[in-house]
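Colleague: Show me the folded form of this:
(4 chains)
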2 protein chains.
Amino acid sequence: MLDSETKAVETPEDHAEELRLWLRLLTCTTLIEGEVRGRLRQRFDVTLPRFDLMAQLDKAPDGMTLSDVSKRMMVSNGNVTGLVERLVESGHLDRRTSETDRRVQVIRLTKLGRAEFRKMAAEHETWIADLFADLTPKEVRELMRLLAKTKASAQKSAGRRRP
Amino acid sequence: MLDSETKAVETPEDHAEELRLWLRLLTCTTLIEGEVRGRLRQRFDVTLPRFDLMAQLDKAPDGMTLSDVSKRMMVSNGNVTGLVERLVESGHLDRRTSETDRRVQVIRLTKLGRAEFRKMAAEHETWIADLFADLTPKEVRELMRLLAKTKASAQKSAGRRRP
DNA sequence: CCGAATTGCTTTAAGCCTAAAATGTTTCCC
DNA sequence: GGGAAACATTTTAGGCTTAAAGCAATTCGG
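Modeller: Numbering: from 1, shown residues only, chains lettered A, B, ... in the order given. A predicted model of the protein is given here:
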């Protein structure tokens, strides 16, 4: 029975490499996220989730539904409800019920919201550039490619479990 | 004054590439994290933060202080306090005050905690392997390298602001 | 020594986040 | 048309998370 040697049938497979990769990916994200969170708070007294939500809306001049936002931000529906509530309260968002479908809420940035967001976004972009400053343009491109592939792989795997 | 043309002094620099890279990094992490969180809950009825904390302790048979855990997990002190409280309550952790420094709390996995963690970790490793399954070994290595560089770059940048 | 930092941890207040159940609305299809 | 299924959002209950303030214990500099 040479097969058992060549095929390593019973060997519990070693996935330590992938595990380390995942931990490193998580570390990078946590590190950068924490840095951005702190700067947003100090410079603009705004939370990261609020900034993220405004970033979504800035790309959609005609507004978005709560479901759209929820999918884009990859957070739960209930989460968006609360986030929007606070941003409407502070005058950054405008929210109205759709006239064609009364289930749907459409939200937009107010003039104030847009102005404040643009100011923050400009600075935010320089922070990100600085955080990634040691990567060469080529490395940035390669990282983009590998992360795109990672995303596709993860989506496929997630889909297999919950189709 | 040809300088202004050749040097592009006033051009606001374009960092769109880095920004897209950051968003992609964040997407990958959020995607995988959400998947792992859901599986841990469904299979073992445990939360991701609890699993992460136990993972730290599994690597430290002699226990760790709360500060150590806080640094390793990159979360706030107060966060660890609450997390540990609940895990001691459920019998997974043992906590005692250091005899040489009465400020310090040393925590360890209990026998139960270790047994349960090992069971979860084994399965967890296969999930991660599956999520990254479409990457070749070479791509995994390259991604590791680029993320290491990213981490170093981000740490340097963070250090510049808060030394 | 002894007071002043520093360190390790906890508390507090506020906000973020999820899963699951509930509510109201629309669509589908017989 | 009318009930069932699907959909969009909100509510609920519980847990996570942070920044900042507070409390003890230790260390450090004079």
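Colleague: in chain A, which spans are strands?
Modeller: A:64-65, A:93-97, A:105-109 (DSSP state E).
Colleague: Partner strands of the last one, with direction?
Modeller: Strand A:105-109 pairs in its sheet with strand A:64-65 (antiparallel), strand A:93-97 (antiparallel), by DSSP bridges.
Colleague: if I look at A:Arg162, how far off is DNA strand D?
Modeller: As for A:Arg162, its distance to DNA strand D is 14 Å (criterion: CB to the nearest atom of the strand, to the nearest Å). (C-beta placed from N, C-alpha, C; glycine too.)
Colleague: Leaving out sequence neighbours, find the closest residue to that residue.
Modeller: B:Gly38 (8.0 Å; CB to CB, 6 or more residues apart in numbering or on different chains).
Colleague: burial count for the one you found?
Modeller: When neighbours are defined as other CB atoms under 10 Å in any protein chain shown, B:Gly38 has 14 of them.
Colleague: before we move on, what about A:Arg86?
Modeller: Neighbour number of A:Arg86 under other CB under 10 Å is 14.
Colleague: Quick check: which ranges of chain A have low pLDDT?
Modeller: Within chain A, the segments meeting pLDDT under 70 span A:1-12, A:163.
Colleague: one step back: make a markdown table out of the strands paired with strand A:105-109 and add mean neighbour count.
Modeller: Converted to a markdown table, the strands paired with strand A:105-109 look like this (neighbours: other CB atoms under 10 Å in any protein chain shown):
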| stretch | mean neighbour count |
| --- | --- |
| strand A:64-65 | 18 |
| strand A:93-97 | 15 |
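Colleague: closest one to A:Arg161 among those?
Modeller: A:Arg161 lies closest to strand A:64-65 among these, at 27.3 Å (CB to CB).
Colleague: hmm, that closest one in reach of DNA strand D?
Modeller: Yes - applying CB under 7 Å from any atom of the strand, one finds strand A:64-65 in contact with DNA strand D at A:Thr65.
Colleague: gap between that strand and the chain center?
Modeller: Averaging C-alpha positions (CA atoms, centre = their mean, to the nearest Å) puts strand A:64-65 17 Å from its chain's average.
Colleague: Equivalent analysis for stretch A:100-108, please.
Modeller: 24 Å.
Colleague: Quick one: the strands of chain A as a markdown table, columns for distance to A:Gln155 too.
Modeller: Output for the strands of chain A, formatted as a markdown table (distance: least, CB to CB, whole Å):
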| stretch | distance to A:Gln155 |
| --- | --- |
| strand A:64-65 | 22 |
| strand A:93-97 | 30 |
| strand A:105-109 | 27 |
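Colleague: how about a markdown table for those, with distance to DNA strand C added?
Modeller: Compiled in a markdown table, the strands of chain A are given as follows (distance: least, CB to the nearest atom of the strand, whole Å):
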| stretch | distance to DNA strand C |
| --- | --- |
| strand A:64-65 | 12 |
| strand A:93-97 | 9 |
| strand A:105-109 | 11 |
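Colleague: Tell me the residues of chain A that contact DNA strand D?
Modeller: Residues of chain A lying near DNA strand D (CB under 7 Å from any atom of the strand): A:34, A:37-38, A:41, A:65-68, A:70, A:77-78, A:80-82, A:84, A:101, A:103-106.
Colleague: center of chain A - which residue?
Modeller: A:Met73 (5.6 Å; CA atoms, centre = their mean).
Colleague: And that one, how far from chain B?
Modeller: Applying CB to the nearest CB, to the nearest Å, the value for A:Met73 to chain B is 9 Å.
Colleague: and that residue, what does it touch?
Modeller: A:Asp52, A:Leu53, A:Gln56, A:Val80 (CB atoms under 8 Å, 6 or more residues apart in numbering or on different chains).
Colleague: Closest to B:His124 out of those residues?
Modeller: A:Asp52 (27.8 Å).
Colleague: pull the longest helix from chain A.
Modeller: The residue-count maximum for a helix in chain A (DSSP state H) belongs to helix A:16-44.
Colleague: one step back: mind giving me TSV with the contacts of A:Met73 and columns for neighbour count and distance to DNA strand C?
Modeller: Formatted as TSV, the contacts of A:Met73 follow (neighbours: other CB atoms under 10 Å in any protein chain shown; distance: CB to the nearest atom of the strand, whole Å):
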residue	neighbour count	distance to DNA strand C
A:Asp52	18	7
A:Leu53	28	8
A:Gln56	16	12
A:Val80	24	8
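Colleague: so which of those residues comes closest to chain B?
Modeller: Nearest to chain B out of the contacts of A:Met73 is A:Asp52 (CB to the nearest CB; 9.1 Å).
Colleague: returning to what we had before: how about CSV for the strands paired with strand A:105-109, with distance to B:Ser90 added?
Modeller: Below are the strands paired with strand A:105-109 laid out as CSV (distance: least, CB to CB, whole Å):
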stretch, distance to B:Ser90
strand A:64-65, 40
strand A:93-97, 40
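Colleague: of the strands of chain A, which approaches B:Leu25 most closely?
Modeller: Closest among the strands of chain A, once you apply CB to CB, is strand A:64-65, at 23.3 Å.
Colleague: and A:Val104, what are its phi and psi?
Modeller: For A:Val104, the backbone dihedrals (degrees, to the nearest 10) come out as phi -90, psi 140.
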